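Visitor: Here is a sequence with its predicted model. Questions after.
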Amino acid sequence: MYIKYFSNSLKNEVFFSKQMLSKFQVIPRKVILNIGIWRREVEVKFKDDLEFNTIGISKYMIKDFTLLDSVEYEIRMEGRNLHIGPVIAYLVETKKENISSKDFQRMQNYYINYKDIKGILYFCAADQINIENRTIGGYYYDNSGENDQGQWKEAIFPYPGVMIKKRYMPPKVNEDIIDKLGDKIFNSFFFTKWDMWELLSPYENVRESLPYTEKLSNIQALDRMIEKFDTIYLKQVRGYQSKGILKVEKSQGGYSFIDILEGPTTISNPQEVDKFINELNEEKAYIMQQGIKLKKYHDRMFDLRVILQKDKSMEWSLTGIIARFGKKGSIATKISGGGFALTGYEALKRVFKMNEKEAFLKQEEIAHICIEACKKLEGVGNYGDVGIDVMVDENRKVWILEINKTHDHRFPLYSIEDTEMYHKVVSKPLEYAKALAGF
């Protein structure tokens, strides 16, 4: 369905062809037009010369935002409510000035499956959100030019029907978006590593797959954890990737704090250890986490990135599993600087000498455990696109280390060069967003 503006109409009106009656059978004289969360009661008029697949809209009432007339829409009638959409906002940065030319190149790939999504898909930053007018400045990819030569254009859009939030929003803005959109927002709550433990550990079927976790407070707390688990890890509550992770071991010589990127620091004096802990917490709050005895592969640590997403079915499903192998002798699993990656299926066969059936069943088990964890997280917000860091220990037990809400969608491309998986990764969240918007 397409939009056609009528500039000579000075009323709140929409125009249908008479053939439209065959689609809806009954069309009220007045309907409530819904575009994103924008609503307006309008009078219905019929025009003989209007094409069947076109709705006419009075230019008079679309003043505060842009309703693109170059894209195809879907429409839905519920009682007197006429919905035109979907309208999907993709929040990619906190500040507009941080959206770079590389971002535009990446954002263009989200239009791969656009012919099935339709409507308005726009990309924006948090500082482009106007909570007074309920509008958002953003960018859309216009592919209506000759020879399919598309270009990025900037416009003002209404608050969307659904927002995919990949970056931080100031509390006042975040609260307003949640107030207006409700659960129709991805990542409504950006939980930390400590939040994840508090949210998931009460559920026994999930807790058994979580490394035991406590807050790092002082040397006494550290000693209690080391006594329980021999080896523990210190992690920043809000850290990402491998930054700030310390492996801690205790021996007669003192405490060894091994930075997985910078190497070891040994401290023998308990007072100095307390001082070291205080300095860590002053810079970034830290947690202590049970160390997992991993099965190594040729002296390489490895973990799994499990990509779970919702699609048009609105249910969690596995998009893919990628194994990351670190540099030989390193305690990190970074694939840069001497590491490499494999599909999860191939890694399970190589590392654990599994046959095809065993590797398949282990992947199914990993996906099931991760999906159960995601379902429990939905008690505090809506989520539809996560990258979960998982480890499998020497006894083939599955452990969930972290759930990443803003995982890098390009990872299947640069790690294992899997274009098909990448296309699924960028397409499925938009399928879910469309379904969440009611289309």
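Guide: Looks like it came in fine. Numbering: from 1, shown residues only.
Visitor: C-alpha from now on. contacts and neighbour counts both.
Guide: OK.
Visitor: OK, contacts around Lys349?
Guide: Applying Cα atoms under 8 Å, 6 or more residues apart in numbering, one finds that Lys349 lies in contact with 355-356, 359.
Visitor: okay, now the domains of the chain?
Guide: Split into domains by the TED database, the chain comes to 2-83, 87-186, 212-290, 295-437.
Visitor: Distance check, Ala437 against Tyr422.
Guide: In this structure, Ala437 and Tyr422 are separated by 24 Å, where distance is defined by Cα to Cα, to the nearest Å.
Visitor: top of the contacts of Lys349 by neighbour count?
Guide: Of the contacts of Lys349, Ala359 is surrounded by the most neighbours, 20 neighbours in total, counting by other Cα atoms under 10 Å.
Visitor: list the helices and strands the strand or helix carrying it packs on?
Guide: When elements are assigned from DSSP states H and E, Ala359 belongs to helix 356-377. Helices and strands touching helix 356-377, as assessed by 3 or more Cα pairs under 8 Å, 6 or more residues apart in numbering; DSSP states H and E, comprise helix 193-200, helix 204-207, strand 302-310, strand 316-325, helix 344-352.
Visitor: 7 Å instead, please
Guide: Applying 3 or more Cα pairs under 7 Å, 6 or more residues apart in numbering; DSSP states H and E, one finds that helix 356-377 makes contact with helix 193-200, helix 344-352.
Visitor: which residues of the stretch 101-250 of the chain fall in strands?
Guide: 120-125, 129-130, 135-142, 151-158, 162-165, 185-186, 213-215, 232-236, 246-251 (DSSP state E, counting those that start in this stretch).
Visitor: can you redo those as TSV with mean pLDDT and distance to Glu97?
Guide: As requested, those are arranged in TSV below (pLDDT from 0 to 100; distance: least, Cα to Cα, whole Å):
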stretch	mean pLDDT	distance to Glu97
strand 120-125	98	9
strand 129-130	98	14
strand 135-142	97	12
strand 151-158	96	14
strand 162-165	97	17
strand 185-186	92	23
strand 213-215	96	36
strand 232-236	94	28
strand 246-251	89	34
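Visitor: Please name whichever of the domains of the chain is nearest to Asp195.
Guide: Evaluated over the domains of the chain, closeness to Asp195 peaks at domain 212-290, with 8.6 Å, by Cα to Cα.
Visitor: Quick one: mean pLDDT for the helix or strand hosting Leu430?
Guide: Following DSSP H and E, the helix or strand that holds Leu430 is helix 419-436. Here the mean pLDDT over helix 419-436 is 97, rounded to a whole number.
Visitor: and that helix with strand 302-310, angle?
Guide: Taking axes from the mean of the first three to the mean of the last three Cα atoms, to 10 degrees, one finds helix 419-436 and strand 302-310 inclined to each other by 40 degrees.
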